[in-house]
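Chemist: Could you look at this predicted model? Sequence included:
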Amino acid sequence: MKGDGRNTQTVWKDQKLLRTGYTTGSCAAAAAKASAFMLLSKEPVYQVSLKTPQGAVLYLAVECIDMGADRVSCAVRKDSGDDPDVTDGVLVFAEVARRAGTSVSLDGGKGVGRVTKKGLDQPPGAAAINKVPRRMIVEAVEEQRRKFGCTFGLHIIISIPEGEALAEKTFNPRLGIEGGLSVLGTSGIVEPMSERALTDTICLEMKVLKENGHEWCYIVPGNYGSDFLTETLKYDGRLAVKCSNYIGETIDDAVRMGMKGILFVGHIGKLVKIAAGVMNTHSRQADCRMEVFAAHAALAGASRDTVRQLMECVTTAGAVDILKASNMLEPVMQTIMEQIDVHLKQRAGKTLMTGAIVFSAEEGILGQTSRAAEILEQIRKGTV
């Protein structure tokens, strides 16, 4: 079941009114609070309130109650709102059990991943429960201890039974989180279609590479670039970070974390926009592909008819065919790559080396920037 109406908030995204949800961290904290209440009161509870770090109060249904003498387990169902999240609808369980001592401890159980690489929010070996959810979970249980005057220790185990299977659809395997999902959330609320959530993941993936000794890496916009990198060029896809449309933000993150060099490998349909200085390649931000082709064709001496055909073209594959037919593909791609080089260097500044390899499915490599080969060699050295 979804959360009730009192949890409903809306935000405007892309001219649509979308409903917010709540994070796995909020679910875990609410389930832990409910389990602690039931353990200490010996009474079942079917709804629990939770104040998020943002100050919003959620009222969440409690499911799958299992009460014992010294332990209680229950679950809260994740509601991602209108965000296309693979965890939407999963049950997040919290078991709270009596333990020796007087402190509260926390660990992950079935379906919660384990950290295996440096650079993440938690150290290698720890459950992939990030610091804000950890604090929320422990504080929720400590609140119940104070309420009931509890003096003995409590141990919390968070589990997500579907987590191991669902994790294969997330970035977790690339980040070195094995065996399940991460328990995430900094605000407690899921904002639909959040660009910040995506750029944070891109940054984290790059940080993991750097913390594990790789200061040079590939950047691919998506699956086309990833497949071309590994299947056609035969390069190591483990050293590639997917940046989606966020060219500029990815460069900024690389500079901030002290990377030495990054090499973009992408389809002409995405990366041609960089030649016009466009650093977010989503079509709603800018679609200057044909203008770039037409301008560079004109500079190379193309006829007015060729320029007109380019401006009327719909796809980059069609534009490439037009340039091939007029024997202008090579000179046009040369000046386009020069401009891509200029804009990448301008965004990166002096501390980060940048380059790009641009391809199409039909033609293979269409061009590369001046220092692409040098960056490629540095990345290859990191795999030896």
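Modeler: Looks like it arrived, so ask away.
Chemist: taking the mean pLDDT, what do you get for stretch 34-53?
Modeler: Average pLDDT, stretch 34-53: 96.
Chemist: Export it to PDB, keeping only CA atoms.
Modeler: Extracted in PDB, the C-alpha atoms of stretch 34-53 (Å, rounded to 0.1, in the frame of the first residue of the first chain):
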ATOM      1  CA  ALA A  34       7.800   1.200  15.600                       C
ATOM      2  CA  SER A  35       9.800  -2.000  16.500                       C
ATOM      3  CA  ALA A  36      11.400  -0.200  19.500                       C
ATOM      4  CA  PHE A  37       8.000   1.000  20.600                       C
ATOM      5  CA  MET A  38       6.400  -2.400  20.400                       C
ATOM      6  CA  LEU A  39       9.400  -4.100  22.100                       C
ATOM      7  CA  LEU A  40       9.300  -1.700  25.000                       C
ATOM      8  CA  SER A  41       5.500  -1.300  25.300                       C
ATOM      9  CA  LYS A  42       4.600  -4.900  24.500                       C
ATOM     10  CA  GLU A  43       1.700  -3.400  22.400                       C
ATOM     11  CA  PRO A  44       1.400  -3.500  18.600                       C
ATOM     12  CA  VAL A  45       1.300  -0.300  16.600                       C
ATOM     13  CA  TYR A  46       0.000   0.000  13.000                       C
ATOM     14  CA  GLN A  47       1.100   3.500  12.100                       C
ATOM     15  CA  VAL A  48       4.100   5.500  13.100                       C
ATOM     16  CA  SER A  49       5.100   9.200  12.700                       C
ATOM     17  CA  LEU A  50       8.600  10.300  11.700                       C
ATOM     18  CA  LYS A  51      10.100  13.800  11.500                       C
ATOM     19  CA  THR A  52      12.400  14.000   8.600                       C
ATOM     20  CA  PRO A  53      15.700  16.100   8.600                       C
END
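Chemist: Give me the distance from that stretch to the chain's centre.
Modeler: In terms of CA atoms, centre = their mean, to the nearest Å, the centre of stretch 34-53 is found 32 Å from the chain centre.
Chemist: pull the helix or strand with minimum mean pLDDT from the chain.
Modeler: strand 10-13 (a mean of 54; mean pLDDT, DSSP states H and E).
Chemist: any idea how the protein splits into domains?
Modeler: What the record gives for the chain is the domain set 5-190, 195-381, from automatic domain parsing.
Chemist: Turn those domains into CSV, including mean neighbour count.
Modeler: Any C-beta I mention is one placed from the backbone N, CA and C, and that applies to glycine too. Converted to CSV, the domains of the chain look like this (neighbours: other CB atoms under 10 Å):
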stretch, mean neighbour count
domain 5-190, 19
domain 195-381, 19
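Chemist: got a list of what residue 169 touches?
Modeler: Counting by CB atoms under 8 Å, 6 or more residues apart in numbering, residue 169 touches residue 86.
Chemist: what kind of secondary structure is it in?
Modeler: coil (DSSP: H, G, I helix; E, B strand; the rest coil).
Chemist: where does the chain have low pLDDT?
Modeler: 1-19, 81-84, 189-195, 383-384 (pLDDT under 70).
Chemist: So which residue is dead centre in it?
Modeler: residue 201 (3.1 Å; CA atoms, centre = their mean).
Chemist: Could you check how far that residue is from residue 336?
Modeler: Residue 201 sits at a distance of 30 Å from residue 336 (criterion: CB to CB, to the nearest Å).
Chemist: and what of residue 129?
Modeler: 46 Å.
Chemist: Same question for residue 105.
Modeler: 58 Å.
Chemist: repeat for residue 101
Modeler: 66 Å.
Chemist: do the same with residue 253
Modeler: Taking CB to CB, one finds residue 253 at 25 Å from residue 336.
Chemist: what do you get for residue 131?
Modeler: Taking CB to CB, one finds residue 131 at 44 Å from residue 336.
Chemist: Would you tell me what the next helix or strand after the longest helix along the chain is?
Modeler: Longest among the helix segments of the chain by residue count, using DSSP state H, is helix 329-348. Sequence order places strand 353-360 as the next helix or strand after helix 329-348, per DSSP states H and E.
Chemist: Leaving out the residues flanking it, which one is nearest to residue 108?
Modeler: residue 127 (2.8 Å; CB to CB, 6 or more residues apart in numbering).
Chemist: Quick check, that neighbour in contact with residue 110.
Modeler: No - the criterion here is CB atoms under 8 Å, and residue 127 misses it with residue 110 at 11.2 Å.
Chemist: The stretch 101-250 of the chain: helices as residue ranges?
Modeler: Using DSSP state H, counting those that start in this stretch, the helices of the stretch 101-250 of the chain run over 131-148, 163-167, 172-175, 195-211, 223-227, 247-256.
Chemist: Many thanks, we can stop here.
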